[in-house]
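Chemist: missing the sequence, but the structure's below:
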């Protein structure tokens with residue numbers, strides 16, 4: 001009985017102690033100073049007062065003192081009526097986060113994503129919220145550094161608790177500084193995202209202690225140094241993102257020992273050395289290591305990555321052949337190996353990749369024929385093998401299934417385009433340019449959704465099918481240049497056409513230009529140069545609002561540019577930047593109406609907001625310009641390029657003074673015409689001009705000194721005219737760099753660089769020297785007539801004194817001997833003459 005009573009007493013005290021513990025823990029928060037519902041209300045109202053913009057009035061009429069905090073928008077409370085969750089995401093709020101937010105001591109979940117909050121994160125966010133588990137502040141404008149102690153032990157009533165933080169996401173902000181080393185104390189964190197900020201420094205090795213991490217996202221920052229091997233200790237890691245930093249060194253091989261790892265992206269860093277032989281983990285589905293300097297061969301063990309779905313290794317320095325074991329990756333969906341130095345043939349085993357969606361091995365050194373079964377992947381929608389040395393025919397099996405993009409350009413492929421290409425009903429991009437393909441293209445008519453057709457620089461022939469004009473409801477780019485197409489220009493372009501780019505340059509097309517081109521209201525580039533088109537100038541095209549490139553060169557266009565009573569547009573060619581009608585049969589006066597109204601060449605900023613820059617910039621690879629009778633390639637960014645080429649026609653009359661309004665013009669070629677009169681001084685206003693060719697005309701008069709103000713002028717040709725006078729001599733600009741070839745054939749010109757001197761060159765230069773504002777100009781300006789007179793005076797006095805001492809003392813003897821010898825010979829000659837006269 002005694003022992004039974006003792007046991008009952010002990011059980012009673014244990015029960016009382018347990019109840020007191022529960023009561024104590026329950027009352028801790030209640031007795032903690034400030035932990036009341038009113039304190040939560042005060043903290044949130046303070047947050048509201050720091051919000052400077054509430055565009056949707058989300059809080060303005062809802063967060064008021066008259067209503068319960070727990071009913072406020074974005075606020076959730078627990079059983080104790082304390083705020084446990086605050087979600088202000090996607091409200092467009094602007095302002096700062098005040099320290100008072102730390103008084104929400106029961107807060108577990110804080111989400112303020114997709115707003116415009118700025119300033120630092122208050123330290124109280126971690127000091128005053130011991131229960132906080134989730135912090136999502138994504139996509140704001142927060143700045144500053146992370147708190148140095150984010151996950152330390154915090155006081156909680158009379159106890160202390162460790163950090164419960166599980167998810168911390170501050171991606172898409174403006175944070176800076178280094179990752180605090182104390183971050184390793186965040187042992188409970190499962191998601192850490194610092195993506196798209198401005199963090200710097202090395203990655204702390206202590207990250208390896210955060211063993212519960214499942215997602216680590218450090219991409220798009222400025223981290224340097226090597227990747228710490230301690231990351232290999234994160235045995236629960238599923239996603240590792242470190243792309244777009246400045247990380248160096250090798251990729252630690254132990255990262256692939258993490259069995260849970262599914263996704264790794266360390267692309268666009270400075271990683272080097274070779275790929276690990278063991279780079280597969282059992283769950284790995286995505287590897288992105290593009291944009292580094294990884295070298296060596298792709299290891300044959302890659303075939304063990306049985307779960308791999310995405311392999312991105314493009315833009316490295318990988319070499320060697322493609323391993324045949326790549327055919328074992330039957331789960332693979334995307335394979336990007338472009339921009340390396342891979343060599344050899346494409347292995348036949350690639351036909352086993354039945355789930356492949358995208359295959360890109362562009363810009364390597366691959367040789368041999370395309371595998372016949374490369375089209376076995378019926379799910380394939382993107383194939384890019386451009387810029388290799390592939391040979392043979394295009395396999396007919398390629399055009400089936402869901403294929404949407406085919407890029408085989410810049411190879412050595414031959415034969416014809418397979419006739420069954422029409423089976424690829426979803427094909428939108430077909431790029432076969434720069435090969436040796438031949439035959440006709442009539443079977444392209446079945447490609448109803450084709451958007452980009454680029455088959456230039458081949459040996460294709462026959463007529464251009466009219467269906468391509470009818471397909472302009474879907475077609476955006478049509479480039480057939482440098483082939484052997486013949487016949488009439490396609491006559492039908494459908495109403496509502498979305499065609500932006502048409503290039504038929506370098507064929508044998510005839511006939512006239514169809515007015516149905518007016519249906520192509522989005523047309524940006526129109527190039528039909530180097531054909532046999534016989535027509536008058538297409539005035540009607542001046543109404544196309546987006547046209548930026550018009551090239552009619554080397555055809556048989558004729559007629560004059562006299563202003564008719566009916567103009568098609570008050571402001572012709574609103575967006576035009578390239579106007580090339582050279583080598584035709586145009587006659588009469590220059591097209592003054594156009595030269596005075598090319599708005600985009602008067603103010604290049606006019607086109608700066610035009611959204612269609614992709615196709616216009618794409619045109620730069622085919623641009624040439626003519627200087628001194630030679631076609632030269634043009635390498636420029638065409639968004640800022642402007643040119644007018646009227647050369648090789650029969651234009652006559654004067655060059656209008658108004659041409660000087662084209663202040664944004666880069667290239668001007670008026671050569672090989674019959675232009676007369678003088679060179680207008682207004683050309684000196686064309687401050688952006690880089691090339692000026694007015695050779696082989698009948699220009700007279702002098703070269704205006706205003707041209708020497710063209711400081712960007714690097715190519716200049718006035719040869720074979722009737723110019724006269726002195727060539728402007730300037731201490732600035734490009735004129736001193738031009739040689740004789742710029743002025744030859746003008747017998748009246750004189751002065752540098754010609755050997756012919758101008759009258760009075762020894763006395764004074766009559767051509768004005770332009771003033772400058774730099775230090776060199778101050779130095780040159782010092783050489784005035786006063787300085788010259790002073791130099792002559794000092795030299796005369798000094799020479800007289802030296803001469804006196806030489807002849808007074810007879811030293812130096814060699815100099816005196818020289819003078820005496822000359823004087824002796826002069827005396828003997830005089831004596832002989834006297835004797836002869838006497839005789």
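Modeler: On my side now, so go ahead. Fair warning: this is a prediction, and the values are worked out from it, not measured in the lab.
Chemist: which SS class is residue 593?
Modeler: Under DSSP: H, G, I helix; E, B strand; the rest coil, residue 593 falls in the helix class.
Chemist: just checking, it touches residue 572?
Modeler: Yes. Applying CB atoms under 8 Å as the test, residue 593 and residue 572 come out as touching, 6.9 Å apart. Any C-beta I mention is one placed from the backbone N, CA and C, and that applies to glycine too.
Chemist: For the two, indicate the residue with more neighbours.
Modeler: residue 572 (20 against 15; other CB atoms under 10 Å).
Chemist: and residue 342, what does it touch?
Modeler: The neighbours of residue 342, taking CB atoms under 8 Å, 6 or more residues apart in numbering as the test, are 298, 318-322, 361, 364-366.
Chemist: Which members of those are classed as buried?
Modeler: When the contacts of residue 342 are checked for burial by 16 or more other CB atoms under 10 Å, the buried set is 298, 318, 322, 361, 364, 366.
Chemist: what's the spacing between the residue nearest to residue 164 when sequence neighbours are not counted and residue 124?
Modeler: Nearest residue to residue 164, sequence neighbours excluded (CB to CB, 6 or more residues apart in numbering): residue 133, at 5.1 Å. Residue 133 sits 17 Å away from residue 124, going by CB to CB, to the nearest Å.
Chemist: Repeat that for residue 265.
Modeler: Residue 265 is 34 Å from residue 124, by CB to CB.
Chemist: and if you look at residue 468?
Modeler: When CB to CB is applied, the distance between residue 468 and residue 124 equals 67 Å.
Chemist: just residue 658 next, same as before
Modeler: For residue 658, the distance to residue 124 - CB to CB - is 69 Å.
Chemist: what sits against residue 419?
Modeler: Here residue 419 is in contact with 396, 443 (criterion: CB under 8 Å, 6+ apart).
Chemist: helix, strand or coil for residue 541?
Modeler: helix.
Chemist: shouldn't it be in contact with residue 550?
Modeler: Yes. In this structure, residue 541 is within contact of residue 550 by CB under 8 Å, at 6.9 Å.
Chemist: still on that earlier bit, around the residue nearest to residue 164, how many other residues sit close by?
Modeler: Residues lying near residue 133 (other CB under 10 Å) number 18.
Chemist: That one reaches residue 167, doesn't it?
Modeler: Yes. Shown here, residue 133 and residue 167 form a contact pair, counting by CB under 8 Å, at 7.1 Å.
Chemist: shared neighbours of the two, anything?
Modeler: Residues touching both residue 133 and residue 167 by CB under 8 Å, 6+ apart: none at all.
Chemist: before we move on, the earlier item: specify which residue of residue 468 and residue 124 has the higher count of neighbours.
Modeler: The residue with more neighbours, out of residue 468 and residue 124, is residue 468; 22 against 18, by other CB under 10 Å.
Chemist: Assumed the more buried one was part of a helix.
Modeler: Yes. The assignment for residue 468 is a helix, going by three-state DSSP.
Chemist: Test my guess that it contacts residue 490.
Modeler: Yes. Residue 468 is within contact range of residue 490, at 6.2 Å (criterion: CB under 8 Å).
Chemist: ok, residue 519 to residue 498 distance?
Modeler: In terms of CB to CB, residue 519 sits 10 Å off from residue 498.
Chemist: Low-confidence stretches in the stretch 151-300 of the chain?
Modeler: 152-162 (pLDDT under 70).
Chemist: Residue 494 and residue 519 touch, don't they?
Modeler: Yes. Counting by CB under 8 Å, residue 494 touches residue 519, with 6.2 Å between them.
Chemist: Give me the below-cutoff pLDDT ranges for the chain.
Modeler: In the chain (pLDDT under 70), the answer is 1-36, 152-162, 471-472, 563-567, 604-640, 761-839.
Chemist: can you give me the helices in it?
Modeler: 2-31, 37-49, 124-127, 467-470, 592-595, 599-602, 614-618, 775-781, 785-809, 813-838 (DSSP state H).
Chemist: do you know how far residue 559 is from residue 585?
Modeler: Taken as CB to CB, the span from residue 559 to residue 585 is 8 Å.
Chemist: Oh, that last question was meant for residue 602, not what I typed.
Modeler: When residue 602 is compared with residue 585 (using CB to CB), they lie 29 Å apart.
Chemist: and what of residue 726?
Modeler: Note on residue 726: its distance to residue 585, by CB to CB, is 37 Å.
Chemist: quick one: which of these two has more around it?
Modeler: residue 726 (21 against 13).
Chemist: Dig out what that one forms beta bridges with.
Modeler: Counting by DSSP bridges, residue 726 is bridged to residue 750.
Chemist: was I right about it contacting residue 754?
Modeler: No. Taking contacts as CB under 8 Å, residue 726 lies outside contact range of residue 754: 9.7 Å.
Chemist: Just the buried residues of stretch 349-363, please?
Modeler: Applying 16+ other CB under 10 Å to stretch 349-363 flags 349-353, 355-363 as buried.
Chemist: I should have written stretch 458-469 there, sorry.
Modeler: Using 16+ other CB under 10 Å as the test for burial, stretch 458-469 gives 458, 460, 464-465, 467-469.
Chemist: Next: stretch 589-600.
Modeler: For stretch 589-600, by 16+ other CB under 10 Å, it's 589-592, 594-595, 597-600.
Chemist: swap in stretch 423-435?
Modeler: By neighbour count with 16+ other CB under 10 Å, stretch 423-435 contains the buried residues 423-424, 427-435.
Chemist: what's the first-to-last distance across it?
Modeler: Chord length of stretch 423-435, first to last residue, is 23 Å (CA to CA, to the nearest Å).
Chemist: contacts for that stretch?
Modeler: 381, 386, 394, 399-400, 402-414, 417, 421, 444, 446-458, 479.
Chemist: Can you say which of these are buried?
Modeler: By 16+ other CB under 10 Å, the contacts of stretch 423-435 give 381, 386, 394, 399-400, 403-411, 413, 417, 421, 444, 446-447, 450-458, 479 as buried.
Chemist: ok so, going back, and the furthest pair within the buried ones among the contacts of residue 342?
Modeler: 298 and 366 (13.2 Å; CB to CB).
Chemist: Mutual contacts of these two, please.
Modeler: 322, 342.
Chemist: mind checking how far residue 270 is from residue 314?
Modeler: Counting by CB to CB, the gap from residue 270 to residue 314 is 16 Å.
Chemist: Perfect, that will be all.
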